[in-house]
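Just need the structure, nothing else, for what follows:
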Amino acid sequence: MPKVRLLKTKKMLTFISTLMLSSLVMVQTAIAVEKETAPQGGKVVQYKPALLNLVPNNEFATIAKTTIDNKQYPEVLDINVFKKSAKIWGIQVPFAFDDANVAIGDVVLFKIVARSVKSEIADGSVGQMDLFFRYNQKGKPLVNKRLMLTKQWQTFFVPVKTKGKTATKNMRLALLLGGLEKQQIQIAELELVNYQQQQTVASLPMTKMKYFGHQADAPWRAEANARIEETRKADYAIKLVDANNQTVTNAKIDIELNRHDYGFGCGLKALELFDNKRKNLTEEQKQQQLNNIEEMCNLVVYNNALKWRYYKPEVIEKAMQWTAERDLKVRGHALVWGRFRSAHKDIEKQQEYFKKHPEEFQQELIKHVKEFASLYPEQIIDWDVINEPSPEHHFVDIVGKEASIEWLKAAKEANPNAQRCANDYGIVSRYDAWHQDAYYDWMKFYTDNNAIDKVCVQGHYQGPMPISEIYDRLNRFAEFGLPISMTEFDFFEIDEELKAKFTNDLITVFFSHPSTDAFMHWNLTDLYNEQGELNLSGQVYDKLIHETWHTKLTSNTNNSGELSFRGFKGRYEVTVTQVNGKQSTHLIDFAKQASQQITLK
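Model prediction:
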């Protein structure tokens, strides 16, 4: 794949330049003119001074403390990225906050003062870095935050409430600059303020960030809406006749979209919701989650329950019965995840043997694929036959690349109606050029061998991205002529307003692309607050699928007993009220035929 780029065409260059020249504060709402300080009452923890020992120079970047001609910030940390890293983790700048003494539930505020000196990102007006804040060097991040820098010094505040199982004395921060174009940034101040439990996240300052394409009048919006009108709608017709096949004129017809053809779905945690032995959720909580899924989705995927390692037949049977009763489609996930720690435990125990006997290992894999792919063939419409082929290639290293084609063929034999997928991350959601290139190569290999039916991208976002770049990436993978599904969307962002706005824009541009056929949240609970009510992102999603992209109208049949309309593709509920007052309701699936006749009894 070509190197990841923010600009591809002359049209895009004009668009970005117009955005940047229109306002120096396009990417954030606060620019520091004078030094900004954190609120009083917290313990300030400076980063570890032995910084150069933490971050040696590498083949992509240099880092050094330097003096500059600035009265406010005479000494700064200068980070010069002189070569683009193909991997997001290729350039990391780690910091240590010793003696932070953070307890579970403490509220901490991260402060950084930084600027962009020069940049080849976009039109050169902005710099960028991702902030990963964690308990320790190997722990999962407490918060991810994408920072966009202008030429002026800016003060960024990022508050977070700590969570986890244990307290920690020290904390770690990593700035990620891999996968981005060449740039030079400078950091003047860096500190952590621990307020313990004397403050709340809401009471502390948070710097508001934006992204390319966020504006209400951004050109991409009109283009996307035009594509939606063209590709997601169709012209439909209804004709009414009576039992004698005579036309029924002047009948009132109420028409409303009942279910989209497009897949709007989510992960269903079957092991939590249908395993009676698990008590981490109350029955009321389980029922609420199921109600939410039924209301918001027409497609589900079991996050773990159909994986080889976690499969429980009795749980899957209950889950499949529940989805069948509600006519919900199901994605199968995942048959081969090419690492032993995700395989059946009996397979993992024999890994050293299988590494020496690849033929026997391949037989075990084929047997597993055939067994699982044959499950519930009437309900499962897709199978992630291979999960994350680019990074998790350990099984392929043992049995060979060609052997993976046999997995896909075996899945097709077991369930000819299910579309076969290779599901991977970082394709539309990160700046990992190597990952996108590797996945492209896998897709080409499988399409050349007629072994794949769909492009499946996960969509785990660590920060907002330019909307036009996302569309550009979709265009690249649309070259294969296959449908594209977003299979596992989530967004690690603490600013709920930013999260909601980007979610709205991402789903819109995805829905507008003619090659896509589904958009799935990995965790539908991300759309709800602790009280079980829709949060800002949930409200955005609800409005899109139930209002913005919804068809509802009332009209009357003409002298030929017919009614024509244009609406979103899908299944409709049609209520007919005849002149004599007699009423009947019908479900019509226009996917089968655009013109439908209803015979009234």
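
Doesn't residue 330 lie inside a strand?
Yes: according to DSSP: H, G, I helix; E, B strand; the rest coil, residue 330 belongs to a strand.

Counting neighbours, what do you get for it?
24 (other C-beta atoms under 10 Å). No exception for glycine: its C-beta is placed from N, CA and C like everyone else's.

where's the residue most central in space within the chain relative to residue 503, distance?
Nearest to the mean C-alpha position of the chain, counting by C-alpha atoms, centre = their mean, stands residue 489 at 2.4 Å. Separation of residue 489 from residue 503 (C-beta to C-beta, to the nearest Å) stands at 8 Å.

go on, residue 591?
On the measure of C-beta to C-beta, residue 591 and residue 503 end up 27 Å apart.

quick one: which of the two has more around it?
More crowded of residue 591 and residue 503, by other C-beta under 10 Å: residue 503, with 25 against 11.

Could you list the domains of the protein?
With domains defined by automatic domain parsing, the chain comprises 10-203, 261-548.

Now render those domains as a markdown table, adding distance to residue 596.
What follows is those, written out as a markdown table (distance: least, C-beta to C-beta, whole Å):
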| stretch | distance to residue 596 |
| --- | --- |
| domain 10-203 | 42 |
| domain 261-548 | 15 |
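
Of those domains, which stretch is the most buried?
Greatest average neighbour count among the domains of the chain goes to domain 261-548 (a mean of 19), per mean count of other C-beta atoms under 10 Å.

Ends of it, what's the gap?
15 Å (C-alpha to C-alpha, to the nearest Å).

Likewise for stretch 541-560?
40 Å.

Touching that stretch from outside, list them.
Applying C-beta atoms under 8 Å, 6 or more residues apart in numbering, the contact partners of stretch 541-560 are 228, 232-233, 238-240, 247-257, 260, 264, 296, 503-504, 507-508, 511, 521, 527, 534, 563, 565, 567-568, 572.

just checking, which of those residues belong to strands?
Secondary structure from DSSP state E places 233, 238-240, 252-257, 260, 264, 521, 563, 565, 567-568, 572 of the contacts of stretch 541-560 in strands.

Give me the buried entries from those.
Neighbour-count burial (16 or more other C-beta atoms under 10 Å) applied to the ones in strands among the contacts of stretch 541-560 gives 238-240, 253, 255, 257, 260, 264, 521, 563, 565, 567-568, 572.

will you turn those into TSV that also has pLDDT and distance to residue 432?
TSV is the format used below for those (pLDDT from 0 to 100; distance: C-beta to C-beta, whole Å):
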residue	pLDDT	distance to residue 432
238	97	49
239	97	53
240	97	56
253	98	51
255	98	46
257	98	38
260	97	31
264	98	27
521	98	22
563	97	51
565	98	45
567	98	40
568	98	35
572	97	42
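
Now do stretch 58-65: everything it contacts.
Stretch 58-65 has contacts (C-beta under 8 Å, 6+ apart) with 51-52, 55, 57, 75-85, 90-91, 93, 177-178.

how does it look with 7 Å?
55, 57, 75, 77-83, 85, 90-91, 93, 177 (C-beta atoms under 7 Å, 6 or more residues apart in numbering).

ditto for stretch 508-522
220, 224, 227-228, 231-232, 262-267, 299, 301, 467, 470-471, 474, 478, 483-490, 507, 527.

Stretch 111-119 too?
32, 38, 126-127, 149-157, 183-191, 193.

Just checking the distance from that stretch to the centre of its chain.
The chain centre lies 28 Å from the centre of stretch 111-119; the measure is C-alpha atoms, centre = their mean, to the nearest Å.

before we move on, what about stretch 241-255?
Stretch 241-255 sits 46 Å away from the centroid of its parent chain (C-alpha atoms, centre = their mean).

Quick check: buried residues in it?
248, 251, 253, 255.

Can you dump the C-alpha atoms of it in CSV for me?
Taking Å, rounded to 0.1, in the frame of the first residue of the first chain, the C-alpha atoms of stretch 241-255 are listed here in CSV:
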residue,chain,number,x,y,z
VAL,A,241,-56.2,-5.2,-5.2
ASP,A,242,-59.2,-6.8,-3.5
ALA,A,243,-60.0,-10.5,-3.3
ASN,A,244,-61.4,-10.4,-6.8
ASN,A,245,-58.2,-8.8,-8.1
GLN,A,246,-59.9,-5.4,-8.6
THR,A,247,-57.9,-2.3,-7.9
VAL,A,248,-58.5,-0.5,-4.6
THR,A,249,-58.5,3.3,-5.2
ASN,A,250,-58.2,6.2,-2.8
ALA,A,251,-57.1,4.0,0.1
LYS,A,252,-55.0,5.7,2.7
ILE,A,253,-51.6,4.1,3.1
ASP,A,254,-49.2,4.7,6.0
ILE,A,255,-45.7,3.6,5.1
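
who's in contact with that stretch?
With C-beta under 7 Å, 6+ apart as the criterion, stretch 241-255 contacts 238, 240, 553-561, 563, 565, 572, 574-579, 597, 599-601.

Take the residues you listed and keep only those in helices.
For the contacts of stretch 241-255, not one is inside helices, with DSSP state H as the criterion.

I would like a ChimeraX command selecting only the buried ones among those, please.
Selection of the buried residues among the contacts of stretch 241-255 in ChimeraX, burial being defined by 16+ other C-beta under 10 Å:
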select :238,240,557,561,563,565,572,574,576,578,600
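
quick one, phi psi at residue 422?
Dihedral pair for residue 422: phi -120, psi 110, per degrees, to the nearest 10.
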